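Colleague: Give the three-dimensional model of this entry:
(one chain, ligands or ions: 1)
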Amino acid sequence: MSTDKLPTREENFSEWYNQIVLRAEMADYAPIRGCMVARPYGWALWENMQQALDRRFKETGHVNAAFPLFIPMSFLEKEKEHIEGFSPELAVVTHGGGSKLEEPLVVRPTSETIIGYMYAKWIKSYRDLPILINQWGSVVRWEMRTRLFLRTLEFYWQEGHTAHATAEEAQEETLRMLGVYADFVINDVAVPVIQGVKSESEKFAGAVQSTTIEAMMGDRRALQAGTSHFMGQNFARAFDIQFLDWNNQLQHAWTTSWGLSWRVIGAMIMTHGDNQGLVLPPKLAPFQVVIVPIFRDDNEKSAVLPVVERVSAELKGVGCRIRVDDREEVTPGFKFNDWEMRGVPLRIEIGPKDVQKNSVALARRDIPGKPGKSFISQEGLASQVMEMLNTIQGSMLERATTFRDSHIHEPAGYADLTEIVKDGWAYTRWCGDAECEAKVKEDTKATIRCLPLEQPEADGVCIQCGKPAANWAYFARAY
Ligand SMILES: [Zn+2]
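Modeller: Numbering: from 1, shown residues only. So this is what the prediction gives:
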């Protein structure tokens, strides 16, 4: 761990973020521009996220499969908007086994096309529908400006691809999965999100409608944390995904896709982290509890260690993810800082006095210093610790929600909007015109994050042009 002081969030948010990722050993820069290595601690967090999501996918009837990393270039060209949207970001393989390929292969930037091709082969009749498949893996998008976890050439994610017999079913699926993402990010990542629809200019290349969950980071910028798309029959037409319906008529299927990547780890860091380092929500933290034994000599050591062992066994017994830091070459103070940097939600200190009093000391990561410290009896310790972890999870979400809500404002007019988006989100009416959207972006760098699913009834006028506007939208600068 570096001994230099971490830059503060206030003085340089972006450098603070990079340093946390590096110092907590979440990730490191790879020797390829724009690529990163997920280190074991960062990968463990991602594994916990995968499990939490995978459980939800299976509960909603989905199954996993694996499709190839390579996609023939001609596949991408079959859907006009899709290739237009993705062509600037493609990595293309032209040679294999020492000779030039007949057709270049694209390293998948997303898998609608190859999965669409397979669905055309597998779907014959309405009885074959719906198909609800998810894939865990990585994709490549040749980004120019990259950031650890937030935007890298290769990133890990999951992509769900479904095919349905009716538009209604596909639309339901799109919103169902958006809801699954929202549930995961709110309740497990402890990051509040707004569910909404993307404007035409911000939607996925090839989609009829894109929906999103948007979160506010610690620097008040927005981050798109997951998206779910209704494709209509666009990909079904491009790939001939057809089925015989109930009346023996041939019809194109209706498809969806939805994806969430490890950029959510970036969202987690930028929402909860503080000037001491990471703050991880207990539900996803690789270690929920770290136990630090405290002793000065062999006498104290022989009194303390058996208690540490007993407490650790008790916590493991209730399924708590714990780590005992029994390193003898570093001081307890060093260990405290080290685990604070790594964001472990709860620290248990056990020293000779605690052994005598039959108690342990607890220190909450989300409330630094004295206010977050308490002592509990060793009797019934496991249940008290688990309850404390729940409390931490809840209060992290509460704090993030209060922060977000205090930085969302309804502008009184256009000039007011340009001020608000410098340091927050503007919630206001928009006429739906792409020109108004572009003007706001040009003037303020803020984009329409989404049109929230929940729309107030009241009619009004567009914040930019003054024409009648039916929709409310969030405007913000975004990652
Ligand atoms: Zn307008």
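
Colleague: Please name every helix or strand in contact with the helix or strand bottoming out on mean pLDDT in the chain.
Modeller: Scoring the helices and strands of the chain by mean pLDDT, DSSP states H and E places helix 80-86 at the bottom, with a mean of 89. Taking 3 or more CB pairs under 8 Å, 6 or more residues apart in numbering; DSSP states H and E as the contact definition, the neighbouring helices and strands of helix 80-86 are helix 73-77, helix 234-239. Where C-beta positions appear, they are placed from N, C-alpha and C, glycine not excepted.

Colleague: ok, which residues in this protein are in contact with the ion?
Modeller: Applying the criterion CB under 5 Å from the ion, the portion of the chain that neighbours the ion consists of Cys431, Asp433, Cys436, Cys462, Gln464, Cys465.

Colleague: let's go with 8 Å and repeat that
Modeller: Residues of the chain lying close to the ion (CB under 8 Å from the ion) are 430-433, 435-436, 462-467, 469.

Colleague: could the helices and strands packed on helix 80-86 be laid out in a markdown table, adding mean neighbour count and mean pLDDT?
Modeller: As requested, the helices and strands packed on helix 80-86 are arranged in a markdown table below (neighbours: other CB atoms under 10 Å; pLDDT from 0 to 100):
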| stretch | mean neighbour count | mean pLDDT |
| --- | --- | --- |
| helix 73-77 | 18 | 94 |
| helix 234-239 | 23 | 96 |
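
Colleague: Now distance to Lys124 too, for those helices, in CSV please.
Modeller: Conversion of the helices and strands packed on helix 80-86 to CSV gives the following (distance: least, CB to CB, whole Å):
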stretch, distance to Lys124
helix 73-77, 21
helix 234-239, 14
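
Colleague: how about the ones you listed, which one is nearest Glu387?
Modeller: Closest to Glu387 of those is helix 234-239 (CB to CB; 48.1 Å).

Colleague: Of the residues of the chain next to the ion, which belong to strands?
Modeller: Among these, DSSP state E puts Trp430, Ala469 in strands.

Colleague: Just the buried residues of the residues of the chain next to the ion.
Modeller: Among the residues of the chain next to the ion, those buried by neighbour count (16 or more other CB atoms under 10 Å) are Trp430, Cys431, Gly432, Cys436, Cys462, Ile463, Gln464, Ala469.

Colleague: out of those residues, what pair is the most spread apart?
Modeller: Comparing all pairs in those by CB to CB, the longest separation belongs to Gly432 and Ile463, at 12.3 Å.

Colleague: Which residues are in contact with each of those two?
Modeller: With CB atoms under 8 Å, 6 or more residues apart in numbering applied, the overlap between the contact sets of Gly432 and Ile463 consists of Ala469.

Colleague: Can you show me the helices along the stretch 151-300 of the chain?
Modeller: Read by DSSP state H, counting those that start in this stretch, the stretch 151-300 of the chain holds these helices, from start to end of the chain: 167-187, 234-239, 263-272, 298-317.

Colleague: Now render those helices as JSON lines, adding distance to Ser383.
Modeller: Putting the helices of the stretch 151-300 of the chain into JSON lines (distance: least, CB to CB, whole Å) gives the following:
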{"stretch": "helix 167-187", "distance to Ser383": "21"}
{"stretch": "helix 234-239", "distance to Ser383": "51"}
{"stretch": "helix 263-272", "distance to Ser383": "25"}
{"stretch": "helix 298-317", "distance to Ser383": "10"}
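
Colleague: most tightly surrounded among those?
Modeller: When the helices of the stretch 151-300 of the chain are scored by mean count of other CB atoms under 10 Å, the highest mean neighbour count falls to helix 263-272 (a mean of 25).

Colleague: Please compute how far it lies from its chain's middle.
Modeller: Centroid separation between helix 263-272 and its chain, computed with CA atoms, centre = their mean, to the nearest Å, is 7 Å.

Colleague: Report all helices and strands that it contacts.
Modeller: Of the remaining helices and strands, those touching helix 263-272 by 3+ CB pairs under 8 Å, 6+ apart are helix 13-23, helix 40-59, strand 209-216, strand 222-232, helix 381-406.

Colleague: circling back: list the buried residues of the least confident helix or strand of the chain.
Modeller: Within helix 80-86, the residues that qualify as buried are His82, Ile83, Gly85, Phe86, counting by 16+ other CB under 10 Å.

Colleague: Please identify which pair of those lies farthest apart.
Modeller: Checking the buried residues of helix 80-86 against each other with CB to CB, the farthest-apart pair comes out as Ile83 and Gly85, at 7.3 Å.

Colleague: and the least confident helix or strand of the chain, C-alpha only, in CSV?
Modeller: Taking only C-alpha atoms (Å, rounded to 0.1, in the frame of the first residue of the first chain), the coordinates of helix 80-86 have been written out as CSV:
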residue,chain,number,x,y,z
LYS,A,80,-28.2,-0.7,-40.5
GLU,A,81,-28.4,1.3,-37.3
HIS,A,82,-26.5,-1.3,-35.4
ILE,A,83,-23.4,-1.2,-37.7
GLU,A,84,-23.5,2.6,-37.9
GLY,A,85,-23.5,2.9,-34.1
PHE,A,86,-20.8,0.3,-33.5
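
Colleague: what about the nearest residue in space to Pro130 that is not next to it in sequence, neighbour count?
Modeller: Sequence neighbours aside, His164 is the residue nearest to Pro130 in space, at 4.7 Å (criterion: CB to CB, 6 or more residues apart in numbering). As a burial measure, the neighbour count of His164 was computed by other CB atoms under 10 Å and equals 23.

Colleague: I am finished for the moment; much appreciated.
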